[in-house]
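Visitor: Structure of the sequence below:
(3 chains)
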Amino acid sequence: MVALYRFLLLILLTLPAQAERCVVDDINHTVCLPKPAERIIALSPGATELLFAAGAGSKVIAAVTFSDFPEAAKALPRIGSYNRFDMEAIVAAQPDLIIAWKEGNPREQVAQLRDLGLPVYHGDQRDFQDIASTIKRLGVLAGTEQEANAEANRFLEGIEHFRQKYEDAAPVRAFYQVWVNPLMTANKNHFIGHALTLCGGENIFGELPRLTPRIGVEAVLAADPEVIIAGGMAEDDPGWLDAWRPFSNLTAVQRDNLFFVPPSTLQRPSPRLLDGIELLCRNLETARGRR
Amino acid sequence: MSTLSARQLVIDIPERGDGTPLDFSIQPGQIWGVLGPNGAGKTTLLHTLAGLKSPRSGFVELNDLGFAQLRRKQIAREIAVVFQERQDGFPATVLETVLIGRHPYMAPWDVETAEDLALARDALKRTALSALEDRLVSTLSGGERQRLALATALCQQPTIWLADEPGNHLDLRHQVQAMNLFASEAESGRAVLLCLHDLNLAARWCTHILLLYPDGRACWGESNKMLERSALETLYQQPLAETTVDGRRYFVPATGAVND
Amino acid sequence: MAAVEALRRRSVPLLLLAAASVICIAVSVSTGSVAISVGELWAVISGGGEPLHRTLILELRLPRSLAAFATGGLLAVAGALMQVLLRNPLADPYVLGLSGGAAVAALLCMLAGMPPAIVSIAAFAGALGSAVLVFGLAHGRGSWTTTRLLLTGVVVSSGWGAVITFMLAVGPTEQLPGMLYWLMGDLAYARSPWPALIILALTSLILLPLGRSLNVLARGPMQAAALGVAVRPLEWSIYGSASLLTASAVTTAGSIGFVGLVVPHMLRLVLGNDQRLILPAAALTGGALLVLADTLARTIIAPEQLPAGVITALLGVPTFLYLLYRSR
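Guide: Below is the predicted model of the structure:
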């Protein structure tokens, strides 16, 4: 009898909770939806990828420029670029969920969308855990928990696999080139930095305060990395790496440890990081073999 | 009508000694001519008398009141200044330019009335500029601009005129017309002070003369006493020849041979 | 009679410009990436219409149009004031470093995480500080010549530009997206148009009775003083109001160039140089111009958006050059 009462009470309590789905986003706002989101707008290429990863790809109705992954994302209608979007087009699309990017989107415009009564989720992924938890939370909002949880777990397991594999590997002093002109790299808090650490690399600019610091060529020469990895350039254009070859006293050049890792697999917070990490780890391993 | 007085006035010219403190009154009906070589401080004196520049010491009185006790607007209703240099950077018509002479009489929200317009047109007529009413100032000749400055001051209806080289840019006929204008203003009870570089204009029209030397020394008095050849020769560092026409003395530069 | 005539001479162009401004705002409100027919627009204006259309027009387009109008008006009036002050048509708040000073001060406050009210006050202080700096330095020991003043302004202004670039370079990355627009003005970031509109209206009202004094000041400070203008107080009130106008424009939409320079100059070529006419005309024309520029900025390559500053320059440069060429 008491058990039955308790059961009924439980049902009463959980009914509204089941109808309304809530998550806490990365700026500690609670985002609640009365029913699973069906019309989602992603305000960054990364958010688009994460939505697809969470199994909610079919519910994305619009995205910003450069949202090129997965293939299906390329066909999505555009509502501007991540740093300047068409407010009108967003409102007119009548979304029931907007995924904003805390660091990339203009704050005033996102705040205005919220003021207009649109549910906005603010994403800010800084490490591998964040990616997994974002996928899960997006899954909750879109009602695709099952796929989202599976993908999040697959991702975390992949990361764990690399962690175990390279935990005890000999450190490799590495320089990752984000851009050529101006010369830019990534610090330890960037996903590139996390990936380097995971593969047993030692980021020569890891301790710089800014996420993507601008540096001089001389700083690279002085640090004399064992490996130089470049992203950014086109897949079949080794121009950035060739530019280092004249510096023949660089260890990386002497040992021919100049590698290319497609930037989209390392610079966006998405499960595709696993691909980039795998390539990166393999490159560092090659470098270890050339000692 | 008004009186403008300098009281122990020393004008402020950087890096120059005090010289003679100036102490004189320009009475209604008088025409004062300030004579002196370039750089003697004629313009500075004129600006100081107008209250546009602070003196080094002493003060200027308008009807026994110091400038400190008067508002700029009150001063502007009494004293009109004709400047040697003018800034016409922005486009404006002749009529608009004359009308700014009414500024001291208007409250901030006032609009020029028919009366103001009539005064302006009258001033243009007296300076023979009526035909140019709608022309842009930038299209006028130097002499026309000089007359326009006189017209603006006329429109200001001052009791005291301070004019800096009013004969500049004017041909002989217009110089004479300008001097006649000052004479008629003086006749109707106004006080006039002119900085002049033409000795003979001063000799012909001025009732009083102030000689200003480059070192700050000065002397002043009635024309007939002041216009002495030796004093003027010292003033200009130039030998002069003297002649008399209609009982007035006139001076021309002497050639080296004529020199004493 | 003459007074009536003078008033009419001034009110005709102003009425025309006011009508043009209303038309510009109407065009701006009825254009966008979502097509809204005139009928639907009317329905919204008369208090009905679909909720979506109401949101688009009343929450997005109208506030943005009004913000653009206010910003343009503020900049044009500030420009007109600076030009009279310096008796030089090259002066404007952008060239003289006022908007740079406002932007630097506002950015510093934003980096320190200050609330918007403090940011606005700081922007005003920055603009005023920059004015004092420029005029103080240019004044030196003698009286300032306008060439010297302009040169000082240009140098200080590029100094502020460098400081902004420096702050953006060393500032925390997460603050960046909200700050880049200070470099190139953009109405997309404007929230409420009311502070800017109120400041524009108030300053215009305060400046109107000063119009004739400004006309006199345009003939040089000596001539102005001789005509009974208290020159120093007037000059300081111009610095003050130009700084206030610039600061509220900058806090609304960042640094938008060209409006302050081009609009007063165009108007002078057409309407003459009576400040009683030029100042309100500048407010209306500057406003209308920026409304048009911003409408183009958000529709011309929609859904991609452009900063309005790009359009004002693209529209302003050829217009300015044409008028200048024709006036020779």
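Visitor: What is the neighbour count of the residue of the stretch 151-291 of chain A at minimum distance from chain C?
Guide: Proximity of the stretch 151-291 of chain A to chain C (CB to the nearest CB) peaks at residue A:211, 4.7 Å away. Using the backbone N, CA and C atoms, a C-beta is placed for each residue, glycine as well. By other CB atoms under 10 Å in any protein chain shown, the residues close to residue A:211 number 20.
Visitor: residue contacts, it?
Guide: A:186-187, A:189-190, C:173 (CB atoms under 8 Å, 6 or more residues apart in numbering or on different chains).
Visitor: for it, phi and psi?
Guide: Here is the backbone geometry of residue A:211 (degrees, to the nearest 10): phi -60, psi -50.
Visitor: Just the pLDDT at it, thanks.
Guide: Reported pLDDT at residue A:211 in the predicted model: 82.
Visitor: Can you give me the separation between it and residue B:72?
Guide: To residue B:72, residue A:211 is 60 Å away according to CB to CB, to the nearest Å.
Visitor: and if you look at residue C:130?
Guide: Taking CB to CB, one finds residue C:130 at 29 Å from residue B:72.
Visitor: Hmm, residue A:50 is touching residue A:269, no?
Guide: Yes. Using CB atoms under 8 Å, residue A:50 is in contact with residue A:269, at 7.0 Å.
Visitor: Can you pull the residues that touch both of those two?
Guide: Joint contacts of residue A:50 and residue A:269 (CB under 8 Å, 6+ apart) are A:125, A:131, A:134.
Visitor: Can you name every helix or strand that the helix or strand encompassing the second one contacts?
Guide: For residue A:131, the enclosing helix or strand under DSSP states H and E is helix A:128-142. Using 3 or more CB pairs under 8 Å, 6 or more residues apart in numbering or on different chains; DSSP states H and E as the contact definition, the elements that helix A:128-142 packs against are strand A:21-24, helix A:45-53, strand A:97-101, strand A:120-123, helix A:145-166.
Visitor: Neighbouring strands - and their directions - for the fourth one?
Guide: Each strand that pairs with strand A:120-123, with its direction, by DSSP bridges: strand A:97-101 (parallel).
Visitor: same question, the first one
Guide: On the basis of DSSP bridges, the sheet neighbours of strand A:21-24 come out as strand A:30-33 (antiparallel).
Visitor: returning to what we had before: between the shared contacts of residue A:50 and residue A:269, which is nearest residue A:116?
Guide: residue A:134 (23.9 Å; CB to CB).
Visitor: Which one of residue A:50 and residue A:269 is surrounded by more residues?
Guide: Between residue A:50 and residue A:269, residue A:50 has the larger neighbour count (other CB under 10 Å), namely 27 against 23.
Visitor: tell me the mean pLDDT over stretch A:176-195?
Guide: 88.
Visitor: So for residue C:221, which of the helices and strands packed on helix A:128-142 sits nearest?
Guide: That would be strand A:97-101 among those, by CB to CB, at 53.9 Å.
Visitor: and that closest one, how far out from the chain's middle?
Guide: 14 Å (CA atoms, centre = their mean, to the nearest Å).
Visitor: before we move on, back to that, okay if I get the helices and strands packed on helix A:128-142 as a markdown table plus mean pLDDT and distance to residue B:107?
Guide: As requested, these are exported to a markdown table (pLDDT from 0 to 100; distance: least, CB to CB, whole Å):
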| stretch | mean pLDDT | distance to residue B:107 |
| --- | --- | --- |
| strand A:21-24 | 92 | 65 |
| helix A:45-53 | 93 | 64 |
| strand A:97-101 | 94 | 57 |
| strand A:120-123 | 94 | 56 |
| helix A:145-166 | 94 | 75 |
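Visitor: Residue C:299 is nearest to which of these?
Guide: Nearest of the helices and strands packed on helix A:128-142 (CB to CB): strand A:97-101, 21.8 Å.
Visitor: With only the CA atoms kept, save that closest one in CSV.
Guide: Extracted in CSV, the C-alpha atoms of strand A:97-101 (Å, rounded to 0.1, in the frame of the first residue of the first chain):
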residue,chain,number,x,y,z
LEU,A,97,16.5,26.1,-30.0
ILE,A,98,19.6,28.2,-30.8
ILE,A,99,23.1,26.9,-30.0
ALA,A,100,25.4,29.9,-29.5
TRP,A,101,29.1,29.9,-29.2
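Visitor: Show me the contact partners of that strand.
Guide: Outside strand A:97-101, the residues touching it (CB under 8 Å, 6+ apart) are A:31, A:33, A:37, A:39-44, A:46-47, A:50-51, A:82, A:90, A:110, A:113, A:118-124, A:138, A:141-142.
Visitor: Need the buried ones from those selected in PyMOL.
Guide: Selecting just the buried residues from these in PyMOL takes one command, with 16 or more other CB atoms under 10 Å in any protein chain shown as the test:
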select buried, chain A and resi 31+33+37+40+41+42+43+44+46+47+50+51+82+90+110+113+118+119+120+121+122+123+124+138+141+142
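Visitor: now the helices for chain B?
Guide: Remark: helices assigned in chain B by DSSP state H are B:42-49, B:72-78, B:94-99, B:114-126, B:142-155, B:172-187, B:199-205, B:223-226, B:229-236.
Visitor: and the third one, anywhere near chain C?
Guide: Yes. Looking at helix B:94-99 against chain C by CB under 8 Å from any CB of the partner chain, the contacts come from residue B:96.
Visitor: Identify the residue nearest the geometric centre of chain C.
Guide: residue C:75 (1.3 Å; CA atoms, centre = their mean).
Visitor: thinking that one is in contact with residue C:93, fair?
Guide: Yes. Between residue C:75 and residue C:93 there is a contact at 6.6 Å, judged by CB under 8 Å.
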